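>>> Test case, fold it:
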Amino acid sequence: MNLQPLHLAQPDAPIVHFGVTQRSNRLINYFLAGYFLLGLCLAPVYGTWLIALGVGGLSLAAYYTVKAAFPNSCAYQYVLSVVLGVFMAQFIYQTHGMFEMHFFAFIGSALLITYQNWKLQLPLLLFIMVHHALFSCLQDMGMSHIYFTRLSYLDLPTFITHILLTGVICFICGLCAYHLHKYHQLQLQQAGQMLLLQEAAKVSIVSQKNLEAMEDRNIILESIGDAFFAVDKNWVVTYWNQTAEKALHKSKKEMLTHNLWSIFNDSIDSKSYRKYHLAVRMNNPVHFEDYFKPLDKWYEISAYPSASGLSVYFKDITERKQHIAELSESEKRYSDVFHFSPLPMWVVDLDTLKFMDINQATINHYGFSREEFLDMTLRDIRPAAEQAKLEQVLADGKKDPAAMAHRVMIHRKKDGQLMNVEIQIAPFQFKGGQNSIVIATDITERLRYVKAIEEQNEKLQEISWMQSHIIRAPLARIMGLIPMFIDPKATVKEKLDISEYLVVSANEMDKVIKNITDATCAAAV
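Numbers count the residues shown, from 1 in each chain. All right, here's what the predicted structure looks like:
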C-alpha cells in the first residue's frame with residue numbers, strides 16, 4: 001500500500017483522516033431516519049401527528065440545510081447536537097411525558113462520540129438544561145398539556161440530579177471523543193514517522209516531493225550537533241544540513257542535486273576524496289581528519305557507506321588542532337590550555353603507559369583524584385576485557401604511529417561505569433621528555449542515541465498493534481449496544497441494563513486509550 005505523508009487536522013476542524021467524518025455522517029443519516037420513523041410510529045398511539053411531522057421534519061431540514069450550505073465546515077455537527085436534543089424533547093412530548101424518553105439524550109451524546117470532537121457535547125447539554133428548566137417550570141405552573149413528565153411535579157433536587165447525571169454522561173462521552181481524537185492524532189504521527197524512516201533507506205535522489213515526505217527525518221538530522229551531508233552512488237548531494245552550511249560556507253540550495261566534486265573540484269585527490277572513495281569501494285566506514293585549505297580549517301570526519309550512497313558526519317576541530325600545536329610549541333602555553341580545557345586531556349608515557357599529567361576535566365569526568373591518576377597507568381582505566389585490545393593498539397602504534405592517532409576505545413570510571421570515548425593522540429615534549437598528549441571525547445550518549453532510535457521503532461510497532469486490536473473490542477460493544485438500546489421493543493429494565501453496559505464499555509475504552517497514550521509517551525522518551 002502506498003501511503004502518503006500525513007498532517008494532523010486543526011483541533012476545531014472536522015477530522016477527515018481515514019474517513020472518520022464520512023463514516024460518522026453515514027451513521028448519523030441512518031439514526032436520523034430512525035428517529036424520524038420512531039416519531040411517526042408514536043404519532044398514531046398518542047395522536048401527535050403534527051409534532052412528529054412538524055418538529056421532526058424541521059429538525060432534519062435544519063441539519064441537512066446547514067450541511068449543504070457549509071460543506072467545508074463542521075458547523076452542521078453542532079446543529080446535529082441540538083437536533084438530537086430536539087428529538088429527545090419531541091419523543092417526551094409525543095409519549096405524554098414517558099420518563100424513558102429522557103434517555104434519548106444519552107443516546108444522542110453517545111452518537112456524537114463518533115465525530116471525535118468533545119465540544120459537540122456542549123450544545124446538547126445546554127439544550128437539555130434549557131428544555132428541562134423551562135418545561136419543568138411550565139408544568140409546575142399548571143400547564144399539564146406540555147407533557148414534560150407524568151409526575152405531578154418535578155422538585156428542584158430531582159431536577160438538579162437529572163441535570164447532573166446528564167452532565168456526567170456528556171462529560172464521559174466528551175472525554176471519550178477527546179481521547180479518540182488524541183489517539184487518532186498520535187496514530188497519524190506514528191504512521192508518518194514510520195513511513196519517513198522507511199523511505200529514507202530507499203530514496204537515492206532527493207527531489208522536492210520526497211523532501212516534504214521526509215520532514216520528520218530532516219528535523220532529526222537538523223537537530224544533531226555535527227555537520228552532515230549525504231550523497232548517492234554518483235556523488236550527487238541528497239542532503240545538506242544547516243550545520244554543514246555554516247561549516248563549509250555552502251548553502252543547501254547550492255549543494256542539493258549537484259555533484260559534490262563539481263562544487264569542491266579543488267578537493268579532488270585530497271585526503272577526504274581518497275577516504276570517501278575507499279569507504280564506498282570497501283563498504284567500510286572511515287574516520288579521519290583533514291585540512292581544508294580554502295577555509296583554513298581542520299575537520300574530523302566520519303563517513304558511513306550504505307546501499308544508497310555515503311553519509312558523512314564532520315565537525316570543525318580547528319581550535320582543537322590549534323590547541324595541540326600550541327601545546328607542542330610551549331610547556332607554558334600548554335599549562336594554560338591543558339588545565340582549562342573542557343575536554344578530558346592527559347599526558348602519558350606510551351612506553352610505561354604511566355600518566356604524567358592530567359587536567360581538571362579528566363578528574364571531573366573519570367572520578368579519580370589527581371594523586372590517584374599519577375599512580376595509575378592506562379591499563380587501570382580500561383576494563384579487563386579490553387586489555388588485550390589495548391596491547392594490540394600499542395603494538396600497531398609502534399609499527400605505524402599514525403594508526404593510533406585516532407581511536408575509539410572503552411574506558412572505565414572510578415565508580416565502574418564504562419563509556420565509549422574517541423581519543424586523539426599526538427607527540428608532545430613534557431618536562432624534557434618525549435611523551436604523548438591525549439584528548440578523550442565521551443561518545444557514549446551518541447551511541448545510545450542510535451540505539452534509542454532502534455528501540456523506539458520496536459515500541460512504535462507495539463503501540464500500533466495495541467491501536468489496531470485492543471481498541472476495537474469496547475468500540476464494537478458500544479456500536480452493538482446502541483441499536484439494542486433504541487429498539488422500541490426493549491423494556492425499561494433492558495434499557496437500564498444496556499445503559500450500564502454502555503458506561504462500562506466507555507470506561508473500558510477510556511482505560512485502553514490511556515494505556516495507549518502512556519505507551520506512546522514511553523516510546524517518545
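>>> secondary structure class for the closest residue to Phe314 other than its chain neighbours?
Spatial nearest neighbour of Phe314, excluding adjacent residues (C-beta to C-beta, 6 or more residues apart in numbering): Ile301 at 4.3 Å. Every C-beta, even on glycine, is put in place using the N, C-alpha and C of the backbone. Classification of Ile301 using DSSP: H, G, I helix; E, B strand; the rest coil returns strand.
>>> quick one: the strands in the stretch 301-450 of the chain?
Across the stretch 301-450 of the chain, reading from the start of the chain, the strands by DSSP state E, counting those that start in this stretch fall at 309-316, 345-349, 354-358, 406-412, 418-430, 433-442.
>>> As a markdown table, these with mean pLDDT, distance to Leu112 and mean neighbour count would be great.
Shown next, in a markdown table, are the strands of the stretch 301-450 of the chain (pLDDT from 0 to 100; distance: least, C-beta to C-beta, whole Å; neighbours: other C-beta atoms under 10 Å):
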| stretch | mean pLDDT | distance to Leu112 | mean neighbour count |
| --- | --- | --- | --- |
| strand 309-316 | 90 | 50 | 20 |
| strand 345-349 | 87 | 66 | 21 |
| strand 354-358 | 89 | 69 | 21 |
| strand 406-412 | 85 | 59 | 16 |
| strand 418-430 | 82 | 55 | 17 |
| strand 433-442 | 81 | 55 | 18 |
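>>> Of all those strands, which one comes closest to Ile51?
Closest to Ile51 of the strands of the stretch 301-450 of the chain is strand 309-316 (C-beta to C-beta; 72.5 Å).
>>> in its sheet, what does the closest one sit against?
Pairing partners of strand 309-316, with direction, according to DSSP bridges: strand 227-232 (antiparallel), strand 297-306 (antiparallel).
>>> Deepest in the core, which of those is it.
Compared across the strands paired with strand 309-316, strand 227-232 shows the largest average neighbour count, a mean of 22 (mean count of other C-beta atoms under 10 Å).
>>> What is the strand or helix carrying Val237 packed up against?
Secondary structure assignment for Val237, by DSSP states H and E: strand 237-240. Where contact means 3 or more C-beta pairs under 8 Å, 6 or more residues apart in numbering; DSSP states H and E, strand 237-240 is packed against strand 227-232, helix 252-255.
>>> Contacts for the longest one next, please.
Here strand 227-232 makes contact (C-beta atoms under 8 Å, 6 or more residues apart in numbering) with 204-205, 221, 237-241, 243-244, 246-248, 255, 260, 308-316.
>>> mind running it again at 6 Å?
Here strand 227-232 makes contact (C-beta atoms under 6 Å, 6 or more residues apart in numbering) with 204, 221, 237-241, 243-244, 247, 260, 309-314.
>>> and what of the shortest one?
Here helix 252-255 makes contact (C-beta under 6 Å, 6+ apart) with Val237, Trp240.
>>> now do stretch 375-385
With C-beta under 6 Å, 6+ apart as the contact definition, stretch 375-385 has outside contacts at Leu353, Lys354, Phe355, Leu390, His411, Arg412.
>>> just the helices in the stretch 351-500 of the chain please.
Taking DSSP state H, counting those that start in this stretch as the criterion, the stretch 351-500 of the chain carries its helices at 360-366, 370-374, 387-399, 444-469, 472-485, 492-524.
>>> Dump the contacts of stretch 375-385 into JSON lines; add distance to Pro342 as well.
Converted to JSON lines, those look like this (distance: C-beta to C-beta, whole Å):
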{"residue": "Leu353", "distance to Pro342": "25"}
{"residue": "Lys354", "distance to Pro342": "25"}
{"residue": "Phe355", "distance to Pro342": "19"}
{"residue": "Leu390", "distance to Pro342": "26"}
{"residue": "His411", "distance to Pro342": "17"}
{"residue": "Arg412", "distance to Pro342": "21"}
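>>> Could you work out the most separated pair of those?
Spatially, the most separated pair among the contacts of stretch 375-385 is Lys354 and Arg412, at 17.2 Å (C-beta to C-beta).
>>> related to what we said a few turns ago, of all the helices and strands packed on strand 237-240, which lies closest to Ala506?
When the helices and strands packed on strand 237-240 are ranked by distance to Ala506, counting by C-beta to C-beta, first place goes to strand 227-232 at 48.1 Å.
>>> Next SSE downstream of whichever strand or helix holds Ile107?
Counting by DSSP H and E, the secondary-structure element that holds Ile107 is helix 104-111. For helix 104-111, the following helix or strand on the C-terminal side (DSSP H and E) is helix 121-140.
>>> Fine, thanks again, bye for now.
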